[in-house]
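**Student:** give me coordinates for this.
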Amino acid sequence: MENQTFKTNINCGGCVARVTNTLNETVGNGNWEVETTNPDKVLTIKQSNIQADKIIEAVKKVGFNIEVFN
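**Tutor:** Take a look at the predicted model:
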């Protein structure tokens with residue numbers, strides 16, 4: 001499985017808390033992490049079988065910006 005990465009504006013512990021339930025429902029608990037110390041606020045999804053569009057939609061519904069990180 002290859003990880004998927006996304007650039008976001010999830011920049012603090014409070015922001016992570018806001019997306020936790022949504023990402024757990026979308027990709028599963030323990031299958032994601034956000035590097036809030038990285039300037040690009042990189043969200044890494046540890047499953048390759050979840051479509052990027054589904055992840056983007058879930059994060060946007062909670063109010064954050066997200067795009068595929070290359």
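
**Student:** in this structure, which helix is the longest?
**Tutor:** For the chain, the helix with the greatest residue count under DSSP state H is helix 13-27.

**Student:** need the nearest residue in space to Lys41, chain neighbours excluded.
**Tutor:** Nearest in space to Lys41, with sequence neighbours left out and distances taken as CB to CB, 6 or more residues apart in numbering, is Thr8 at 4.6 Å. (Glycine included, C-beta is placed from N, CA and C.)

**Student:** show me what contacts the one you found?
**Tutor:** Thr8 makes contact with 34, 40-43, 59, 64-66 under the criterion CB atoms under 8 Å, 6 or more residues apart in numbering.

**Student:** for it, give its distance to Glu33.
**Tutor:** Note on Thr8: its distance to Glu33, by CB to CB, to the nearest Å, is 12 Å.

**Student:** kindly report the same for Val62.
**Tutor:** Distance of Val62 to Glu33, computed by CB to CB: 16 Å.

**Student:** just Ile50 next, same as before
**Tutor:** Distance from Ile50 to Glu33, counting by CB to CB: 14 Å.

**Student:** tell me which of these two has more neighbours.
**Tutor:** In this comparison of Ile50 against Glu33, neighbours counted by other CB atoms under 10 Å, the higher total goes to Ile50 at 17 against 14.

**Student:** spit out the contact partners of the nearest residue to that one once chain neighbours are set aside.
**Tutor:** Setting aside the residues directly before and after it, Ile50 is nearest to Val27 in space (CB to CB, 6+ apart), at 5.2 Å. For Val27, the contact set (CB under 8 Å, 6+ apart) comprises 45-47, 50, 55.

**Student:** determine which two of the residues you listed are furthest apart.
**Tutor:** Lys46 and Ile55 (11.7 Å; CB to CB).

**Student:** having no further points to raise, I will conclude here.
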